[in-house]
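Visitor: Got a sequence here, can you build the structure:
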Amino acid sequence: MNKANRAAQFAPFDALKGLNEALRKKEEKLSRVEKIELSEEMSEELSHKLIKLEKGQRIKITFYCYGRYITTHGIVTQKNQAYKFLTLNDQKIYFDDIYDLRLDL
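Guide: Predicted structure coming up:
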């Protein structure tokens, strides 16, 4: 018996196919959080930061995406004021989903 066949006999047995995937999806669904409504002051401060924001600028951003808050940093590759989104690291982030924004890192 060659080594590959011998190793295969000791591979873990998954008696319930798809159970791990179903558990991961359930855990992901339960870990979701509600979107936080910004206060008027926070919204105004964020608006001022977005006005100052320019293409090519390095930022750190926290935004709401698929039931959770994500914090990332990078260089702004696009800012579209008309459609209210920016692109950071090839990811489109809508202004309404932004929770916090740090300029000039």
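
Visitor: Thr72 in helix, strand or coil?
Guide: Following DSSP: H, G, I helix; E, B strand; the rest coil, Thr72 is assigned to strand.

Visitor: scratch that, Arg24 is what I was asking about
Guide: Going by three-state DSSP: Arg24 is helix.

Visitor: Return the distance of it relative to Gly18.
Guide: Here Arg24 is placed at a distance of 10 Å from Gly18 (Cβ to Cβ, to the nearest Å). C-beta: built from backbone N, CA, C; applies to glycine.

Visitor: what's the residue closest to the geometric middle of the protein?
Guide: Ile70 (4.3 Å; Cα atoms, centre = their mean).

Visitor: can you pull the contacts of Ile98?
Guide: Ile98 sits next to Leu46, Leu50, Ile61, Thr62, Phe63 when contact means Cβ atoms under 8 Å, 6 or more residues apart in numbering.

Visitor: right, and the residue nearest to the centre of the chain touches Lys60 too?
Guide: No: taking contacts as Cβ atoms under 8 Å, Ile70 lies outside contact range of Lys60: 11.5 Å.

Visitor: Need the CA coordinates for the helix or strand hosting Lys60. CSV is fine.
Guide: Using DSSP states H and E, Lys60 maps to strand 58-65. The C-alpha coordinates for strand 58-65 follow below in CSV (Å, rounded to 0.1, in the frame of the first residue of the first chain):
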residue,chain,number,x,y,z
ARG,A,58,-4.9,57.0,3.4
ILE,A,59,-7.8,56.3,5.9
LYS,A,60,-9.0,54.0,8.6
ILE,A,61,-12.7,53.3,8.4
THR,A,62,-15.3,51.4,10.4
PHE,A,63,-18.4,50.5,8.5
TYR,A,64,-21.5,48.2,8.6
CYS,A,65,-21.5,45.3,6.3
